[in-house]
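Peer 1: structure for the following, please:
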Amino acid sequence: MSAASPAWLQALGSHLAAHGLDRLGVADGAPHGAVLAGCRSVVVVGNGGRALWEGLLAAVRAEPALAEAPHPLDAYVARVLAEAPVPVPGRWVACAAESPVPLDFRTLGLHAGLGWPSRLGLLLHPEAGPWLGLRAAFFTPVALAPTGPLPGGGPCPTCPAPCMPACPIGAVGPEGVDWRASWAFRQRDDRCHGGCLAREACPEGRDHAYGAAQHRYHQHPPSRAALLISEAARAPDRPS
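Peer 2: Predicted structure coming up:
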């Protein structure tokens, strides 16, 4: 966050980053009165690259039962948020499979300056490229200076779009992604279990790309528990 940000927001950012949630932005809260009455600001929280994955593995090493949760990453993020130092009124909403509040986190992230729209249906972060995960948002009646949207249209409009031919079923098109076709393909074919081929083809943020294990965690849910237990047993300094 900017040095001009309130001390509590800087402290929140430090806490979250220490656990792998290293991307933070602020969006205007005025449109979100249905989530929190009198909302004036939304602090949008995400992660870039592999930091959150390493945090999850460390948590599983400390408590192996976490790997057996229905959604281990969501459970880990919920713990980090529960411990977050937030001295102002507000409401956390997680971008999780079982969230009771339906929100378009991509729009929140866009308005908070965490990225530009992309053909992949993901935000493209200026540094992490498509390797950005949006995880939670804090809705508060406290007024904060918005950090977005980012200027310009991002890299996609002038990119030759290697992501489109990289998808084995052509689910990535000029207008976005056919998520239903993508999901159905992954149920019958294992070519994408090790990672989204279209996402890997994106030239942005390559240094932040997920490792093989992190790819599989997101692409093949049935293998999550065994994968986490196996990866957590590895030495922390070994790549995964």
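Peer 1: and the strands in the chain, which stretches?
Peer 2: For the chain, the strands defined by DSSP state E occupy 23-28, 41-48, 91-94, 132-140, 172-173, 176-177.
Peer 1: from those strands, which stretch is densest packed?
Peer 2: Most buried of the strands of the chain, by mean neighbour count (mean count of other Cβ atoms under 10 Å): strand 41-48, with a mean of 26. All C-beta spots, glycine's among them, are computed from the backbone N, C-alpha and C.
Peer 1: what mean pLDDT does that one have?
Peer 2: Here strand 41-48 scores 98 as its mean pLDDT.
Peer 1: same thing with stretch 219-237?
Peer 2: Mean predicted confidence for stretch 219-237 is 88.
Peer 1: would you mark the buried spots in that stretch?
Peer 2: Residues of stretch 219-237 classed as buried by neighbour count (16 or more other Cβ atoms under 10 Å): 219-220, 224-225, 227-228, 231-232.
Peer 1: which stretch among the strands of the chain approaches residue 5 most closely?
Peer 2: For residue 5, the closest of the strands of the chain is strand 23-28, at 8.3 Å, according to Cβ to Cβ.
Peer 1: what are the pairing partners of the closest one, and which direction each?
Peer 2: strand 41-48 (antiparallel) (DSSP bridges).
Peer 1: helices of this structure, start to end?
Peer 2: In the chain, the helices defined using DSSP state H lie at 7-18, 51-62, 72-82, 105-111, 163-166, 179-188, 197-201, 212-219, 224-232.
Peer 1: for the record, mean pLDDT for the shortest one?
Peer 2: The average pLDDT for helix 163-166 rounds to 96.
Peer 1: now residue 233. Nearest residue, chain neighbours left out?
Peer 2: With sequence-adjacent residues excluded and distances taken as Cβ to Cβ, 6 or more residues apart in numbering, residue 233 is closest to residue 61, at 7.8 Å.
Peer 1: ah, wrong one, I meant residue 30
Peer 2: residue 40 (6.7 Å).
Peer 1: surely that neighbour touches residue 143?
Peer 2: Yes - between residue 40 and residue 143 there is a contact under Cβ atoms under 8 Å: 4.7 Å.
Peer 1: if you count what's nearby, which of those two comes out ahead?
Peer 2: residue 40 (17 against 9; other Cβ atoms under 10 Å).
Peer 1: quick check: closest non-adjacent residue to the most far-flung residue of the chain relative to its centre.
Peer 2: Here the chain reaches farthest from its C-alpha mean at residue 38, the gap being 26.5 Å by Cα atoms, centre = their mean. The shortest distance from residue 38 to any non-neighbouring residue, by Cβ to Cβ, 6+ apart, is to residue 141 (4.4 Å).
Peer 1: what's near enough to touch that neighbour?
Peer 2: Applying Cβ atoms under 8 Å, 6 or more residues apart in numbering, one finds that residue 141 lies in contact with 29, 36, 38-40, 89-90.
Peer 1: tell me the two of those residues that are most distant?
Peer 2: 29 and 89 (12.2 Å).
Peer 1: do you know how far the most centrally placed residue in the chain is from residue 151?
Peer 2: Closest to where the C-alpha atoms of the chain average out (Cα atoms, centre = their mean) is residue 133, at 1.2 Å. Distance of residue 133 to residue 151, given as Cβ to Cβ, to the nearest Å: 23 Å.
Peer 1: please apply the same query to residue 98.
Peer 2: Distance of residue 98 to residue 151, computed by Cβ to Cβ: 36 Å.
Peer 1: again, but for residue 199
Peer 2: 24 Å.
Peer 1: now do residue 128
Peer 2: Distance from residue 128 to residue 151, by Cβ to Cβ: 18 Å.
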